[in-house]
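Participant: what's the 3D shape of this:
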Amino acid sequence: MVVANQMSPIRVEKKKIPTIDLSAKESQVSKLIIEACEEYGFFKVINHGVPHHIIKTMEDESFRFFHKALPEKQRVGPANPFGYGNRNIGLSGDTGELEYLLLQTNQNSIANACKLISSAPSKLSYTVNGYIAEVRRLACEILGLMAKGLGLPLQVFTTLLTDRDTDSLLRLNHYPPPTAAAAVSSTTNNPIGFGEHSDPQILTLLTSNDVPGLQLSLGNGHWLPVTPDPQAFCVIVGDLLQVAFTWADYKSHAYAHRLGETRLDHFKLS
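Facilitator: Model (predicted):
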């Protein structure tokens with residue numbers, strides 16, 4: 001999943017991103033997921049079972065946080081890697097016109113962060129943990145369908161999310177309005193919220209409001225706009241799902257390089 005940067009020669013494609021109905025017959029859904037992964041590495045799912053009110057409550061809490069004064073947000077700590085970040089993305093010099101909150105998904109970390117975020121930390125912890133539980137369930141369902149489509153044991157991928165020491169995380173991104181971003185951008189008229197990149201984890205589940213801007217790279221300078229759909233989750237195949245290396249090996253390499261670099265090339269066999 002990438003967003004074109006200012007220097008990219010953008011050629012917009014008119015292809016349609018696959019939208020998969022998870023309420024359909026399991027064997028058919030599994031086949032469609034494998035096809036979407038092979039062709040795009042990206043698809044949308046509908047009828048995913050995550051209650052709308054849970055998504056809406058989480059979205060409301062994120063807006064409430066990002067509308068706070070900067071000193072209040074900074075109480076959560078600089079993103080190193082978890083915490084509140086503003087413009088600086090990661091540790092390798094990447095920047096964007098955004099602010100974000102990155103949280104570990106274990107309950108102790110959520111509870112500690114909520115004490116710094118809210119005057120009602122128990123209520124916020126309940127909201128965040130409820131959202132994480134639903135999205136983790138959905139992710140496990142999708143990974144199970146992938147495994148089924150590949151003829152693998154159903155738990156081969158899901159244990160990466162259900163393991164006690166899972167590295168799964170929750171990221172909330174907030175992008176300023178285009179006019180505000182352009183005013184502070186050093187790159188003229190085309191401010192970029194989050195530059196081109198691949199996602200490192202095994203899988204990303206992304207939900208958004210009605211704001212457009214996300215683009216998917218099809219290679220060779222071709223880009224496909226992703227129409228926002230608050231009723232769907234976007235599913236993004238991460239680097240870890242594509243080749244056989246350890247997560248620890250990948251992290252040590254990825255953290256030393258910029259987002260736009262093709263980090264998987266390092267692991268290709270000659």
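
Participant: Pick out the residue nearest the middle of this structure.
Facilitator: Nearest to the mean C-alpha position of the chain, by Cα atoms, centre = their mean, lies residue 204 at 4.6 Å.

Participant: Would it be right to say that that residue lies in a strand?
Facilitator: Yes. When classified by DSSP: H, G, I helix; E, B strand; the rest coil, residue 204 is found to be part of a strand.

Participant: Would you mind confirming that it is in contact with residue 240?
Facilitator: No. Between residue 204 and residue 240 there is no contact under Cβ atoms under 8 Å: 10.7 Å. Glycine gets a C-beta too; all of them are placed from N, C-alpha and C.

Participant: ok, and the closest non-adjacent residue to the residue nearest to the centre of the chain?
Facilitator: Leaving aside its sequence neighbours, residue 204 sits nearest to residue 236 (Cβ to Cβ, 6 or more residues apart in numbering; 4.0 Å).

Participant: That neighbour: how many residues sit nearby?
Facilitator: 20 (other Cβ atoms under 10 Å).

Participant: Same question for residue 212.
Facilitator: Neighbour count for residue 212, taken as other Cβ under 10 Å: 10.

Participant: coming back round to it: in the sheet, who's paired with the residue nearest to residue 204?
Facilitator: Under DSSP bridges, the beta-bridge partners of residue 236 are residue 42, residue 204.

Participant: That one: what's it in contact with?
Facilitator: Contact analysis of residue 236 by Cβ atoms under 8 Å, 6 or more residues apart in numbering lists 1, 41-42, 199, 203-206.

Participant: Over to residue 20?
Facilitator: 29, 32-33, 36, 43-46.

Participant: Can you verify it is assigned to a strand?
Facilitator: Yes. Assessed by three-state DSSP, residue 20 belongs to a strand.

Participant: mind checking pLDDT for the spatially closest residue to residue 227 that is not a sequence neighbour?
Facilitator: Nearest residue to residue 227 in three dimensions, chain neighbours excluded: residue 212, at 7.0 Å (Cβ to Cβ, 6+ apart). As predicted, residue 212 sits at a pLDDT of 84.

Participant: quick check, residue 212 in a strand?
Facilitator: No. Going by three-state DSSP, the assignment for residue 212 is coil, not a strand.

Participant: Do a quick rundown of the strands in the stretch 101-250 of the chain.
Facilitator: 169-174, 203-206, 215-219, 222-225, 233-237 (DSSP state E, counting those that start in this stretch).

Participant: Fine by me, we can end here.
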